[in-house]
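Colleague: Sequence plus the predicted model coming up.
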Amino acid sequence: MTLDEYRALKAARKAAEPRRNDNPEHRLQCAVALWLEANVLPPTFWSADAAGVRVSPGVAAQMRAAGVNPGWPDLRFLCPDGVTRYIELKPGSDGSLSPAQRAFRDAAKPHGIWALCRTLEAVKLQLRAWGVPLADPEAAPLPRRARRGRVAAADGAPLRRSA
């Protein structure tokens, strides 16, 4: 076997193996964050929670010590009406809420300030339903880090603006 054949075989095996660190929720959140950066208009403020990011046990302990609590949704929005609203992201139909997330949902949902979204399209619809001012997505430029190709869409494909 030549070196080139070995490299081709190794590349084929690597492509066929599922990625160890694959995190569909993180991919979805990155895609949503890029869209939010380009399309959420003032006076709305938004932020993402880093609690869902995989970290070392030491960093996790530091986060707990600093007050990061389980169950809080992935995204929060301070809307123009003065109400803070929350979106929990769970990609696909198999993502289920943890007990802490269910407790938060049960406390927030009766007030109309919590939503579960499984796709970027669902996030867009929810924000429109809440009256969040949005830019025209076709006219809004992609954020700088998306233009540099550093972040992929929820399905893993590179983000590209269609011509």
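Modeller: Received, thanks. None of these values were measured; they are calculated from a predicted model.

Colleague: Need the single longest strand in the chain, by residues.
Modeller: strand 84-89 (DSSP state E).

Colleague: Mean confidence (pLDDT) on it, please.
Modeller: Mean pLDDT, computed over strand 84-89, is 97.

Colleague: Burial check on residue 81, number of neighbours?
Modeller: Around residue 81 there are 11 other residues, counting by other CB atoms under 10 Å. All C-beta spots, glycine's among them, are computed from the backbone N, C-alpha and C.

Colleague: May I see the buried residues of the following helix or strand past the longest strand of the chain?
Modeller: Next in sequence after strand 84-89, counting helices and strands by DSSP states H and E, comes helix 99-108. For helix 99-108, the neighbour count (16 or more other CB atoms under 10 Å) marks 101, 104-105, 108 as buried.

Colleague: Can I get those residues in a markdown table including pLDDT and distance to residue 32?
Modeller: Converted to a markdown table, the buried residues of helix 99-108 look like this (pLDDT from 0 to 100; distance: CB to CB, whole Å):
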| residue | pLDDT | distance to residue 32 |
| --- | --- | --- |
| 101 | 95 | 17 |
| 104 | 97 | 19 |
| 105 | 97 | 18 |
| 108 | 97 | 19 |
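
Colleague: returning to what we had before: which other residues reach the longest strand of the chain?
Modeller: Contact partners of strand 84-89, identified using CB atoms under 8 Å, 6 or more residues apart in numbering, comprise 25, 28-29, 32, 72-79, 97, 101, 104-105, 108, 112-118, 123, 126, 130.

Colleague: Thanks again, I'm all set now.
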